[in-house]
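> Quick one: sequence plus predicted model below, questions after.
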Amino acid sequence: MNKKPFLRVIAALVASVLIIYLLSLIKTGPSAAADFDCSSDTQAQRVAIDVSTGETGLEIARELFEKEVTASSEAFFRLAVSEPKAQLIAPGIHMIDVKICAQQALDQLLDNKRISGLIAVAEGAWTSEVKKLFVEAGYKSAEVKAAFANAVVPKPFTQLEGLLFPAQYSFAQETKAEVALKEMITRGLAEVVKAGFLSEPSKYSPQQLLTIASIIQAEGGDGDFTKVSRVIYNRLKIGMPLQMDSTVHFVMKSRGNIFLSTKSTMINSPYNTYRKYGLPPGPIGNPGSEAMKAALSPAAGDWLYFITVAPQDTRFTNSLEEFNSWKAIYKANLRAGKFEGK
């Protein structure tokens with residue numbers, strides 16, 4: 001009798017049993033290990049869980065157990081293995097309640113509000129505002145000032161404005177400001193490359209495309225980005241001044257006031273598109289991905305003017321007469337307080 005086929009069958013059975021056993025360990029999750037009751041109230045006491053870039057679920061699990069967040073490291077580790085969302089845990093200092101179940105620990109680790117020193121860059125934020133976010137996150141003003149002053153701007157760009165991509169950034173404890181800023185610039189450059197600014201054919205340079213994207217971000221609302229983009233290109237094509245309020249607001253560092261006085265439009269600055277023709281010398285903020293896409297893919301249209309006459313009501317036209325009639329509606333709505341809090 002040939003024993004080899006028989007032995008192969010036995011080996012296959014043993015392997016199958018082992019695989020089933022290992023899978024059962026994962027599927028049974030935290031219930032297979034010591035765990036606190038999820039229905040119990042969370043503790044007022046919190047501890048700092050330091051998650052480093054590239055840290056494994058097992059390493060996080062051990063720290064959670066050592067700091068008495070979970071009843072065992074196995075409970076969290078098995079949950080992390082079976083739960084894809086665990087891969088989304090951001091690096092940084094997480095303030096987590098003690099004596100909670102593994103599921104609650106995971107939920108809290110995924111809650112960005114619990115990250116200490118979080119730097120959340122909003123779409124359209126100015127670089128000057130990002131500097132303040134660094135200070136609010138705990139960095140010393142002198143360190144932040146030095147980091148921004150010495151930052152290396154990747155070619156072909158000539159300035160940092162526009163390259164600090166809007167996102168939530170969290171850095172491990174003791175990360176220096178210059179290192180954190182470098183990581184943000186690297187992310188920003190990657191997003192610009194992804195948008196096609198360095199590869200798609202265009203009569204405008206990557207810096208100019210980023211500038212257009214920043215104006216789109218500042219001027220456009222949801223669903224209007226591609227239309228605003230078309231207005232910009234149409235005006236540039238015929239040599240018409242852009243006359244974008246957002247460029248003056250950038251110079252004045254003024255937010256929250258949608259009304260722009262005639263005096264403000266006379267400010268002497270290369271960024272003032274009421275006085276200067278063509279694009280400003282650089283971006284007027286840090287645009288998001290949708291604004292970047294719109295800069296390369298404007299909607300089809302002959303519009304030269306647009307105005308937001310009321311919240312969620314932006315209108316586009318190629319007629320100056322129609323634009324002026326809408327402007328009267330806008331002024332009436334402004335006096336009526338329809339823009340307050342917007």
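Here it is on my side, so go on.
> Report the separation between the two terminal residues of stretch 218-234.
18 Å (Cα to Cα, to the nearest Å).
> now swap in stretch 70-86 and tell me
End-to-end distance for stretch 70-86: 16 Å, by Cα to Cα.
> In that stretch, which residues are buried?
Within stretch 70-86, the residues that count as buried by 16 or more other Cβ atoms under 10 Å are 70-81, 83, 86. The C-beta positions use only the backbone N, C-alpha and C, and glycine is treated the same way.
> Over to stretch 148-161?
For stretch 148-161, by 16+ other Cβ under 10 Å, it's 148, 151, 157, 160-161.
> what comes into contact with it?
The contact list for stretch 148-161 (Cβ atoms under 8 Å, 6 or more residues apart in numbering) reads 126-127, 131, 163, 178, 181-182, 185, 189, 198, 205-207, 210, 214, 282-286.
> change it to 10 Å
126-128, 130-131, 134, 163-164, 177-178, 181-182, 184-186, 188-189, 192-193, 197-198, 205-207, 210-211, 214, 250, 281-286 (Cβ atoms under 10 Å, 6 or more residues apart in numbering).
> Can you pick out the ones from the residues you listed that are in helices?
Among the contacts of stretch 148-161, the members falling in helices (DSSP state H) are 127-128, 130-131, 134, 177-178, 181-182, 184-186, 188-189, 192-193, 206-207, 210-211, 214, 250.
> Narrow the residues you listed to just the buried residues.
Buried members of these, counted by 16+ other Cβ under 10 Å: 127, 130-131, 134, 177-178, 181, 184-185, 188-189, 192, 206-207, 210-211, 214, 250.
> residue ranges for the strands of this protein, please.
Residue ranges of the strands in the chain, as given by DSSP state E, are 46-51, 92-97, 115-116, 119-120, 168-169, 305-310, 313-317.
> Now render these as CSV, adding mean neighbour count, distance to residue 229 and mean pLDDT.
Listed next are the strands of the chain as CSV, based on neighbours: other Cβ atoms under 10 Å; distance: least, Cβ to Cβ, whole Å; pLDDT from 0 to 100:
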stretch, mean neighbour count, distance to residue 229, mean pLDDT
strand 46-51, 17, 39, 87
strand 92-97, 21, 35, 88
strand 115-116, 19, 34, 81
strand 119-120, 19, 26, 90
strand 168-169, 18, 26, 86
strand 305-310, 18, 11, 92
strand 313-317, 18, 11, 94
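> so which of those comes closest to residue 240?
For residue 240, the closest of the strands of the chain is strand 305-310, at 10.0 Å, according to Cβ to Cβ.
> Name the spans of the chain whose pLDDT lies under the cut-off.
Residues of the chain meeting the criterion pLDDT under 70: 1-32, 42-43, 256, 258-259, 341-342.
> make it 50
17, 21-23, 25-31 (pLDDT under 50).
> Domain-wise, how is it divided?
Listed by automatic domain parsing, the domain ranges of the chain are 32-116, 119-195, 206-335.
> so how far is residue 41 from residue 114?
Counting by Cβ to Cβ, to the nearest Å, the gap from residue 114 to residue 41 is 17 Å.
> With neighbour numbers in mind, choose between those two.
Taking other Cβ atoms under 10 Å, residue 114 and residue 41 do not tie; residue 114 has more neighbours (18 against 9).
> thought that one was touching residue 104?
No - taking contacts as Cβ atoms under 10 Å, residue 114 lies outside contact range of residue 104: 11.7 Å.
> list the residues that contact both of the two?
Both residue 114 and residue 104 are contacted by 96-97, under the criterion Cβ under 10 Å, 6+ apart.
> roughly how far out does stretch 194-207 sit from the chain middle?
Stretch 194-207 sits 21 Å away from the centroid of its parent chain (Cα atoms, centre = their mean, to the nearest Å).
> likewise stretch 203-213?
Chain-centre distance of stretch 203-213: 20 Å, with Cα atoms, centre = their mean.
> Send over that stretch as CSV, restricted to the C-alpha atoms.
Provided in CSV are the C-alpha atoms of stretch 203-213 (Å, rounded to 0.1, in the frame of the first residue of the first chain):
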residue,chain,number,x,y,z
LYS,A,203,-0.6,77.4,-21.2
TYR,A,204,-0.3,78.2,-17.5
SER,A,205,2.6,77.2,-15.2
PRO,A,206,2.0,74.9,-12.2
GLN,A,207,2.4,77.9,-9.9
GLN,A,208,-0.3,79.8,-11.9
LEU,A,209,-2.6,76.8,-11.9
LEU,A,210,-2.3,76.6,-8.1
THR,A,211,-3.0,80.3,-8.0
ILE,A,212,-6.2,79.8,-10.1
ALA,A,213,-7.2,76.9,-7.8
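> Sounds good, over and out.
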